[in-house]
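Participant: What shape does this take:
(chains A and B)
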2 protein chains.
Amino acid sequence: MQEVDIIKALANERRLQILAWLKEPLAHFPPQVDGDLVEDGVCAVLIADKLAISPATLSEHMRVLSQAGLVRAKRIKQWVFYKRDEERIRAAKTLIQERL
Amino acid sequence: MQEVDIIKALANERRLQILAWLKEPLAHFPPQVDGDLVEDGVCAVLIADKLAISPATLSEHMRVLSQAGLVRAKRIKQWVFYKRDEERIRAAKTLIQERL
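Facilitator: Below you'll find the model as predicted:
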């Protein structure tokens, strides 16, 4: 993953919003039946609902964030849960600081 | 200028390269007849040459960087010179740090 790809992953208002929500999942999402919001991440269905976008559109945004290493996906039953990869996000921030 | 627009301006390999070169103009560009490299900035012609891209393509990249406030343009005779706006770049870095 090139630095520019990480920046491209961030260059979208919805993806920035998703990353901000995932920073404090308990503050932004209701409790889940399957999957702990903090441990397992937030169900894709909840994120799509909150953004009022289709599952397919959400899935594309999450694919970009995943490929950039900024979030990690976990499957539980038929659901996919996403959480931030704080280590990678920290590395991305350092990269941007140094490069700029 | 929204934060996401600043990030979009950075989400391009050539624009990242230009910003890196403009950080140390003396190390990357030859002396100019008109316009001091550090004081006035680097002539658009030199930047386009170094990237091996057309003046029109370079101009579009510089327009994006200027609109994001990351560089400032100065006209001397028929030439346009560009330098980094360090204050705005610092602000952009802080913004990205806080938002992520």
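Participant: quick one: least confident helix or strand in chain A?
Facilitator: helix A:86-99 (a mean of 87; mean pLDDT, DSSP states H and E).
Participant: What is that one packed up against?
Facilitator: On a contact count with 3 or more CB pairs under 8 Å, 6 or more residues apart in numbering or on different chains; DSSP states H and E, helix A:86-99 meets helix A:3-10, helix B:86-99. (C-beta placed from N, C-alpha, C; glycine too.)
Participant: cutoff 10 Å now
Facilitator: helix A:3-10, helix A:13-23, strand A:71-76, helix B:3-10, helix B:13-23, helix B:86-99 (3 or more CB pairs under 10 Å, 6 or more residues apart in numbering or on different chains; DSSP states H and E).
Participant: can you pull the buried residues of it?
Facilitator: Residues A:88-89, A:92-93, A:96 are the ones in helix A:86-99 that count as buried (16 or more other CB atoms under 10 Å in any protein chain shown).
Participant: Hmm, A:Val71 and A:Pro25 touching each other?
Facilitator: No: A:Pro25 lies out of contact with A:Val71 (CB atoms under 10 Å); the separation is 11.7 Å.
Participant: what angle separates the least confident helix or strand of chain A from helix A:13-23?
Facilitator: 130 degrees (axes from the mean of the first three to the mean of the last three CA atoms, to 10 degrees).
Participant: Briefly note if stretch A:57-69 comes near chain B.
Facilitator: No: judged by CB under 10 Å from any CB of the partner chain, stretch A:57-69 stays clear of chain B, getting no closer than 11.1 Å.
Participant: How far does that stretch sit from its chain's centre?
Facilitator: Offset of stretch A:57-69 from its chain centre (CA atoms, centre = their mean, to the nearest Å): 7 Å.
Participant: same question, stretch A:35-52
Facilitator: The chain centre lies 9 Å from the centre of stretch A:35-52; the measure is CA atoms, centre = their mean.
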